[in-house]
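Colleague: Attaching a predicted model along with its sequence, questions to come.
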Amino acid sequence: MATHVRVRTPEERQTRPTEAVAVPVAGPLEGRTLGSYRVLGLLGRGGMGSVYLAEHAVIGRKAAIKVLNPEIAADPEAVSRFFTEARAVNDIRHPNIIEVTDYGQFESLYCIVMEYLEGETLAARLGRASALDEPTVIRIMKQCTSALGAAHDRGLVHRDIKPENIFLRAHPDYPDFVKLLDFGIAKLLGDGRGVGHHTQTGSVLGTPAYMSPEQCLGESALDTRSDIYSLGVVIYQMLTGRPPFSGETLGRLIVCHVSEEAIPPCVLNPGVSRAMNDVVMRTLQKKPKDRYQNARDLREALERVLAPHHRVATPMFGVNVPGSFPFGSLAVGFPGSSAGGGGTGAGSGDDGVVVDPHGVGDSRRESGRAGGSSPTPLTVQAHRPPVGGSAGRGAPAFQAPGPVQALTRRMVAIVDEHVATGRLQLPDLPGPSLSCIELARKGRLGFQDAANLLGPSPALRSRLMKLANSAAFPSLMPATTLELAVARLGAQGIVTALIEFAARETLEGRELRIKDLLRRIWPHAVGAGLMAAELAQHLGSPCVPGDAYLAGLLSSIGKPLVGQLLLEVERQMQRSGNRQGMGEEVFRTVMDLSHARAGAALCRHWELPSEVAVAIEQQGTWNPAQPTALENLVRFATATASRLGLGVGNPNFAELDRVLDEGRPLLGLEPAVLRRLGHGFKERALGLSRIRG
């Protein structure tokens, strides 16, 4: 939403102001009107300016307006530095960084218009609570590292990380939702100047108690690892109630940062775990090369500190994931589910058979790319369905000969051959989606990059805008531009959404016959993805929750691909004079038996993480050597989603119960945990399936 503050042209924003004249303000600003905003009162003062609470005169929306202090507005360098913050924040566009809606000059005042936040700063929280517990520290710091990572990806060093610049927003769904403030002294990497203003070599900018050793020494080659040190100081204070160093003079404080070792936080607070103590001490290393090298590494280290049952702290994929994920009653003898709970989305066969067209008694676990330079020979057992069919490996082939079984065996062999030789028709991802996924894999997907790539595609643009303004991303203000929508979703959310768009189109298929056979497959896919992600978090699985979500979501995506091939084969048979169709039983059984390898081939074709493809390919059997392996999570998640009423086709409750009975002890899931995780799960998955994709 624009204001009537006069905003500089892009050309003006790229140049340093050559002149700025300070005009004294007559009296306080309370009651005055700045553009479209009426100033209500003072919120606080800082080194460069004051922040006022204001209200839009027409729509009543509140905003925070930072006004440069008049006594320093005459300094062109100060004015340039002041607008550095607005430009820097506007370029980053991250959910955990305060949003700037406008900036410019109004009469004699230089102003930045920002979103108004309700809550408190971390400094205020520490002043009231002294030390915080580890789960709270990690919940806050994971968001800080995410925000800093986005800034660092833009080549920006914050240089003033401190509790006063970490705001804890009062959010009804996400406690302690972080907003990182004050990029007023940010510095671009690879430039000897600050952004838009000169920073003299040897000058000390920042807050001494939180500055890195190199920042204390005024080194010009300051990089992102300086922010890592400052964040470590903040974490230290959150855990112990005091910063690691203090001194009566600035010189003494600088000496401490440069040459003295901090007392380990576990000495001051015995409640600090060894793992957390090690993380903090590494961030406080004097030499940048000895610290975590980027914010992403620090975030991952913090995630590893928590016990598995605490590893649910921040929302994933823009979806409101509560602290204890709902998982209905999963005790033996489930309450009867209604409406299509059946054959798991990972595949179930009504007759419970495993086809081995060439007599190979055991399916081999393969992680290679389907259709590569060395195609898998056809003498590989058709993959048994993850849920349904005989238990365990080496299960017998069809027990009795017959025309239906023989036809099914032949179709399974044809599908396997097409997958192994790379001849199975696989849908492509749109070019912009592939480009975004590639940048994200390299850790270089910025919000502006995503907007530039996706903007030219009307279909992707429209769907992203709709998703960003849906209930999955609650906000008081709509995202009116693609740039705002991309910022609201976040980098990981963008990638997930793009995969969801393509997955839904593939799962729901084009042919009416396949659509009819796979009714309700999209709600099941969303439910399986959510379940797999929550299991990964709850169990402390080594797999990334985002990968678990994708593996669950795509666990059945091979079914429509197999179905499409079967339709083509049937048409060829009919053209050659065989007028008899395959029948629904053959279609269902072949899809159940063959979809895993087809789905894995599609994941590789879309260049998704290899762990996702391997898990989908291997979901047909348990991996007892690694209980929390991704394929085990996917197998259990798909069965659970089906048993709770999100299945595809006719339910096979006995087989679903058998799989769940096998999986519960393997995963170490207690009945009470399962009941808690399942409460309201079906309703939530159905709701999200209407929004996602």
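Modeller: Sure, I can see it. As the structure is a computational prediction, the values presented were derived from the model and not from experiment. Residues are numbered from 1 along each chain as shown.
Colleague: helix or strand for the residue of the chain positioned farthest from its centre, which one?
Modeller: Residue farthest from the centre of the chain, counting by Cα atoms, centre = their mean, is residue 577 at 52.7 Å. Using DSSP states H and E, residue 577 is not contained in any helix or strand.
Colleague: With residue 592 instead?
Modeller: Under the criterion of DSSP H and E, residue 592 resides in helix 584-605.
Colleague: Also residue 530?
Modeller: Per DSSP H and E: residue 530 is located in helix 521-539.
Colleague: quick one: terminal-to-terminal distance for stretch 97-116?
Modeller: End-to-end distance for stretch 97-116: 12 Å, by Cα to Cα, to the nearest Å.
Colleague: Quick check: mean pLDDT of that stretch?
Modeller: Stretch 97-116 shows a mean pLDDT of 82 in the predicted model.
Colleague: Give me the distance between that stretch and the centre of its chain.
Modeller: 30 Å (Cα atoms, centre = their mean, to the nearest Å).
Colleague: Next, the buried residues of that stretch.
Modeller: If you call a residue buried by 16 or more other Cβ atoms under 10 Å, then stretch 97-116 has these buried ones: 97-106, 109-116. C-beta coordinates here come from the backbone N, C-alpha and C atoms, glycine included.
Colleague: out of the residues you listed, which are inside strands?
Modeller: 100-106, 109-115 (DSSP state E).
Colleague: I'd guessed residue 569 sits against residue 411; true?
Modeller: Yes. Counting by Cβ atoms under 8 Å, residue 569 does reach residue 411; the two are 6.9 Å apart.
Colleague: Counting neighbours, go ahead and name the busier of the two.
Modeller: Neighbour totals were compared for residue 569 and residue 411, and residue 411 leads with 26 against 17 (other Cβ atoms under 10 Å).
Colleague: Might you report the residue contacts of the nearest residue to the more buried one once chain neighbours are set aside?
Modeller: In this structure, residue 411 finds its nearest non-sequential neighbour in residue 590, 4.6 Å apart by Cβ to Cβ, 6 or more residues apart in numbering. Residue 590 is in contact with 408, 411, 412, 415, 562, 566, counting by Cβ atoms under 8 Å, 6 or more residues apart in numbering.
Colleague: From residue 617, how far out is residue 590?
Modeller: Computed as Cβ to Cβ, to the nearest Å, the residue 590 to residue 617 distance reads 17 Å.
Colleague: Quick check, pLDDT for residue 233.
Modeller: With respect to pLDDT, residue 233 scores 96.
Colleague: Make residue 1 into 605 and carry on from there
Modeller: Fine by me, first position is 605 from now on; the one you just mentioned is residue 837.
Colleague: So what does it look like in phi/psi?
Modeller: Reported as degrees, to the nearest 10, the phi and psi values for residue 837 are phi -60, psi -40.
Colleague: check contacts around it.
Modeller: Residue 837 sits next to 765, 813, 814, 847, 848, 888 when contact means Cβ under 8 Å, 6+ apart.
Colleague: Among the residues you listed, find the lowest-pLDDT one for me.
Modeller: Within the contacts of residue 837, pLDDT is lowest for residue 813, at 89.
Colleague: Next one: the closest residue in space to it that isn't next to it in sequence from residue 815, what distance?
Modeller: Of all residues not flanking residue 813 in the chain, residue 847 sits nearest, at 5.1 Å (Cβ to Cβ, 6+ apart). Using Cβ to Cβ, we find residue 847 at a distance of 11 Å from residue 815.
Colleague: One more: residue 722?
Modeller: 30 Å.
Colleague: how does this structure divide into domains?
Modeller: With domains defined by automatic domain parsing, the chain comprises 614-719, 723-910, 929-1025+1115-1297.
Colleague: ok so, going back, list the buried residues in the helix or strand following the helix holding residue 1196.
Modeller: The helix or strand immediately downstream of helix 1188-1209 is helix 1214-1221, counting by DSSP H and E. Within helix 1214-1221, the residues scored as buried using 16+ other Cβ under 10 Å are 1215, 1216, 1217, 1218, 1219, 1220, 1221.
Colleague: Please apply the same query to stretch 757-772.
Modeller: Within stretch 757-772, the residues that count as buried by 16+ other Cβ under 10 Å are 757-758, 760-772.
Colleague: and residue 644, that one's in a strand?
Modeller: Yes. The assignment for residue 644 by DSSP: H, G, I helix; E, B strand; the rest coil puts it in a strand.
Colleague: part of a helix, is residue 683?
Modeller: Yes. Under three-state DSSP, residue 683 falls within a helix.
Colleague: Check the contact between it and residue 677; I expect there is one.
Modeller: Yes. Residue 683 is within contact range of residue 677, at 6.2 Å (criterion: Cβ under 8 Å).
Colleague: sorry, back to before: give me the more crowded residue out of residue 847 and residue 815.
Modeller: When residue 847 and residue 815 are compared for neighbours, residue 815 comes out ahead with 25 against 17, by other Cβ under 10 Å.
Colleague: Residue 632: how many residues sit nearby?
Modeller: When counting by other Cβ under 10 Å, one arrives at 12 neighbours for residue 632.
Colleague: for residue 897, same thing?
Modeller: If you count neighbours by other Cβ under 10 Å, residue 897 ends up with 14.
Colleague: what's the closest non-adjacent residue to it?
Modeller: The shortest distance from residue 897 to any non-neighbouring residue, by Cβ to Cβ, 6+ apart, is to residue 829 (6.6 Å).
Colleague: cool, and residue 720?
Modeller: residue 666 (4.2 Å).
Colleague: all helices of the stretch 1005-1154 of the chain, in order?
Modeller: For the stretch 1005-1154 of the chain, the helices defined by DSSP state H, counting those that start in this stretch occupy 1007-1024, 1035-1045, 1051-1058, 1062-1072, 1086-1112, 1116-1121, 1125-1143, 1149-1157.
Colleague: how about the CA coordinates for the host helix or strand of residue 747, as PDB?
Modeller: Element membership for residue 747, per DSSP H and E: helix 738-757. C-alpha atoms of helix 738-757 as PDB (Å, rounded to 0.1, in the frame of the first residue of the first chain):
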ATOM      1  CA  GLU A 738      16.800 -24.000  25.400                       C
ATOM      2  CA  PRO A 739      13.600 -24.800  23.400                       C
ATOM      3  CA  THR A 740      12.600 -21.100  23.500                       C
ATOM      4  CA  VAL A 741      16.200 -20.000  22.600                       C
ATOM      5  CA  ILE A 742      16.200 -22.400  19.600                       C
ATOM      6  CA  ARG A 743      12.700 -21.400  18.500                       C
ATOM      7  CA  ILE A 744      13.800 -17.700  18.400                       C
ATOM      8  CA  MET A 745      17.300 -18.300  17.000                       C
ATOM      9  CA  LYS A 746      16.100 -20.500  14.100                       C
ATOM     10  CA  GLN A 747      14.100 -17.600  12.900                       C
ATOM     11  CA  CYS A 748      17.000 -15.200  13.300                       C
ATOM     12  CA  THR A 749      19.300 -17.400  11.400                       C
ATOM     13  CA  SER A 750      16.700 -17.800   8.600                       C
ATOM     14  CA  ALA A 751      16.400 -14.000   8.400                       C
ATOM     15  CA  LEU A 752      20.200 -13.500   8.500                       C
ATOM     16  CA  GLY A 753      20.700 -16.200   5.900                       C
ATOM     17  CA  ALA A 754      18.400 -14.300   3.500                       C
ATOM     18  CA  ALA A 755      20.300 -11.100   4.200                       C
ATOM     19  CA  HIS A 756      23.600 -12.800   3.700                       C
ATOM     20  CA  ASP A 757      22.400 -14.300   0.400                       C
END
